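*Asks:* Predicted model and sequence follow; I will ask about them next.
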Amino acid sequence: MSEVRDGLLQERAVRFGVRAADREAAVRACGELLVEVGAVDPEYVAAMLEREREISTYVGEGVAIPHATHAGRAHVRRDALAVLSLAEPVAVGEGHLDILAELAGVLLDPDRAADLRAATEAHEVIRLLQPGTED
């Protein structure tokens, strides 16, 4: 199959063994591939880098989903995805993922979410976000 879902992901937008010195280079490579396949204007790459500076798009398990800021949407020609498999990982670490997973759990539990919103002391927040706690 050469295209997935009406051309959203095309074979020519999938690359393996991509070399990137750091997270910024990896995001730039992804954006440049989107430019190469005609999905975005070159300005979109800068908006992707701006987004990455605001908040990491790394989601864990060696996967990031880089995308542009809201303003970057003006530079999109068509919806598309690019997939890059890096030769070497560039993510700094995954220690924060346990806490983010716990936060997701807290937010799905109305009582725990209310406790988090009502917290006024750092130790309360830490207790609520400690992985494996349900109290």
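*Replies:* Thanks, I have it.
*Asks:* C-alpha from now on. contacts and neighbour counts both.
*Replies:* Will do.
*Asks:* Could you count how many residues lie near Ala21?
*Replies:* Residues contacting Ala21 under the criterion other Cα atoms under 10 Å number 10.
*Asks:* List the contacts of it.
*Replies:* Contacts of Ala21 were listed using Cα atoms under 8 Å, 6 or more residues apart in numbering, and they are Val90.
*Asks:* can you confirm it is in a strand?
*Replies:* No: if the criterion is DSSP: H, G, I helix; E, B strand; the rest coil, then Ala21 is coil and not within a strand.
*Asks:* Backbone dihedrals for it, please?
*Replies:* Here is the backbone geometry of Ala21 (degrees, to the nearest 10): phi -70, psi -30.
*Asks:* ditto for Val76
*Replies:* Per-residue torsions, Val76: phi -90, psi 130 (degrees, to the nearest 10).
*Asks:* I'd like to know how many residues surround the closest residue to it other than its chain neighbours.
*Replies:* Distance criterion Cα to Cα, 6 or more residues apart in numbering; nearest residue to Val76, sequence neighbours excluded, is Val40 at 4.4 Å. When neighbours are defined as other Cα under 10 Å, Val40 has 23 of them.
*Asks:* My read is that Val40 contacts Leu81, right?
*Replies:* No: the criterion here is Cα atoms under 8 Å, and Val40 misses it with Leu81 at 10.5 Å.
*Asks:* got any residues that touch both of the two?
*Replies:* Shared contacts of Val40 and Leu81, defined by Cα under 8 Å, 6+ apart, comprise Leu34.
*Asks:* Each with direction, which strands does the helix or strand Val59 falls within pair with?
*Replies:* Secondary structure assignment for Val59, by DSSP states H and E: strand 58-60. When pairing is defined by DSSP bridges, strand 58-60 lines up against strand 63-64 (antiparallel).
*Asks:* contacts for the partner strand?
*Replies:* Thr57, Tyr58.
*Asks:* Work out the gap between it and the centre of the chain.
*Replies:* Averaging C-alpha positions (Cα atoms, centre = their mean, to the nearest Å) puts strand 63-64 6 Å from its chain's average.
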